[in-house]
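S.K.: just coords:
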Ligand code: ATP
């Protein structure tokens, strides 16, 4: 299977099974915006919950925050985004397609004509809108292009209300918007997306140590999601690649079907952001260490991941095709903890009282484990649907169940079938799903 094939198959599976749909599809779709369907939204929730648990609820030194998407426009002037959050835009004079200058060479990727590009002009990626009924410059505001700034301007509020001392962090999950010149590759680069960001405030001079610490923590967490380690790597930014606020930066990259690309960044943002907000707002954003009789503007180590990009990593990594008895079996080998549905329950046939027994088993599990009941179509088709949905276990009620109360439990990855007493099923699944 070629890499282009893999992407096509993944997009089609995502639609078929209800992971991801194109936005406004009935109107022909809206470029680079995607909607998450019933299975996609569960996978996304599981990813975000894992992150939140890791970064917030299992640590005493990190607090959560949920800031507004709309912020005072001065935030984006101080942060440097109005001035510097730009990409170089060029246009092919032949086909009038627009590209990011750093993504193409001398030939138009669309029409193939050579050396016919306009000179690059800087294009600001922030979406603009107006607050209130008057659409003039004074009312112009932005949709946030990163969640980080909501954290910086709340640094003092969080620190004092949560009684934190440096070093400590603030974490946030939320939507961000970028008017990307060339979105694409499904949910990899979109104009509306979600970020999971954590900003860790440290004493200047300890920043290198904390940078190394977070680099390591984040890579370990990503590995804990079951992603194949040979498909992961860390890549340091070159001087040219560094963002306007960064002193040092590493990307965690995955080998997507379209090549190695970043899905999370770890950045040393120094005191750039807090200094800028202090200067612009006139409000002191220093940290006062009374015990050491010191005051300073903290340095910030940022971990910034995209939820949607991580979803694509997980989906691409989990996609498998296997030949079983002359047929191709397609499955998503998602880690059980991330899988949207954990167990599917089927009656082998729709008669002899099997549906009633199966439904009772499903009803007993519901509320404790995400379960799906299905009695339509052949048993083979039902298994195939669940394999594609990434469901780790299928429980089947058959003739023997009616005699001795045992059911079969089929493992998605190994295809092994265990016979388990239905009274012990919940215990069996609890053990297998950890
Ligand atoms: P790229 O170079 O791919 O544009 P970036 O370096 O601008 O990304 P950051 O500003 O570091 O990205 O953003 C942090 C994370 O937010 C990225 O690692 C990615 O997961 C996510 N992200 C950024 N832009 C997009 C986008 N347009 N669509 C989806 N996710 C995005």
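M.R.: Arrived safely, thanks for sending. The model shown is predicted, which means the values in this text are computed figures rather than measured ones.

S.K.: For the ligand, what's its nearest residue on the stretch 251-400 of the chain.
M.R.: residue 306 (2.3 Å; Cβ to the nearest ligand atom). (Each C-beta comes from the backbone N, C-alpha and C, glycine too.)

S.K.: and that residue, how many neighbours?
M.R.: Per other Cβ atoms under 10 Å, the neighbour tally for residue 306 reads 23.

S.K.: Please apply the same query to residue 350.
M.R.: Neighbours of residue 350 under the rule other Cβ under 10 Å: 12.

S.K.: Report whether it is found in a helix, as I expect.
M.R.: No: Residue 350 is assigned coil when assessed by DSSP: H, G, I helix; E, B strand; the rest coil, not a helix.

S.K.: okay, now the domains of this structure?
M.R.: Residue ranges for the domains of the chain, per automatic domain parsing: 3-69+146-315, 341-432.

S.K.: Would you agree residue 310 falls within a helix?
M.R.: Yes: under three-state DSSP, residue 310 sits within a helix.

S.K.: Report pLDDT for it.
M.R.: Note for residue 310: predicted pLDDT of 98.

S.K.: looking at it, it is touching residue 263, isn't it?
M.R.: Yes: with contact defined as Cβ atoms under 8 Å, residue 310 counts as touching residue 263 (5.6 Å).

S.K.: ok now do the residue of the stretch 251-400 of the chain closest to the ligand, which residues does it touch?
M.R.: 193, 194, 195, 196, 263, 264 (Cβ atoms under 8 Å, 6 or more residues apart in numbering).

S.K.: again with residue 115
M.R.: If you count contacts by Cβ under 8 Å, 6+ apart, residue 115 has them with residue 106.

S.K.: repeat for the one 3 residues further on
M.R.: Taking Cβ under 8 Å, 6+ apart, we find residue 118 in contact with 90, 91, 93.

S.K.: Now do the helices in the stretch 51-200 of the chain.
M.R.: 73-78, 81-84, 148-152, 155-162 (DSSP state H, counting those that start in this stretch).

S.K.: What residues of the last one count as buried?
M.R.: Burial within helix 155-162, assessed by neighbour count using 16 or more other Cβ atoms under 10 Å, is assigned to 155, 158, 159.

S.K.: In space, what's closest to the last one - neighbours in sequence excluded?
M.R.: It stands for residue 159. residue 168 (7.1 Å; Cβ to Cβ, 6 or more residues apart in numbering).

S.K.: gap between the residue nearest to residue 171 when sequence neighbours are not counted and residue 76?
M.R.: If the residues on either side of it in the chain are set aside, residue 171 comes closest to residue 198, at 4.2 Å by Cβ to Cβ, 6+ apart. According to Cβ to Cβ, to the nearest Å, residue 198 and residue 76 sit 21 Å apart.

S.K.: Which one's more surrounded, the two?
M.R.: Higher neighbour count among residue 198 and residue 76: residue 198, with 28 against 20, using other Cβ under 10 Å.

S.K.: wait, doesn't residue 364 sit right on residue 426?
M.R.: Yes: in terms of Cβ under 8 Å, residue 364 counts as a neighbour of residue 426; the distance is 7.1 Å.

S.K.: which bits of the chain sit near the ligand?
M.R.: Contacts of the chain with the ligand, taken as Cβ under 6 Å from any ligand atom, map to 178, 180, 189-190, 193, 195, 262-265, 304-306, 308-309.

S.K.: wait, isn't the residue nearest to residue 159 in contact with residue 151?
M.R.: No: taking contacts as Cβ under 8 Å, residue 168 lies outside contact range of residue 151: 11.7 Å.

S.K.: Fine, thanks again, bye for now.
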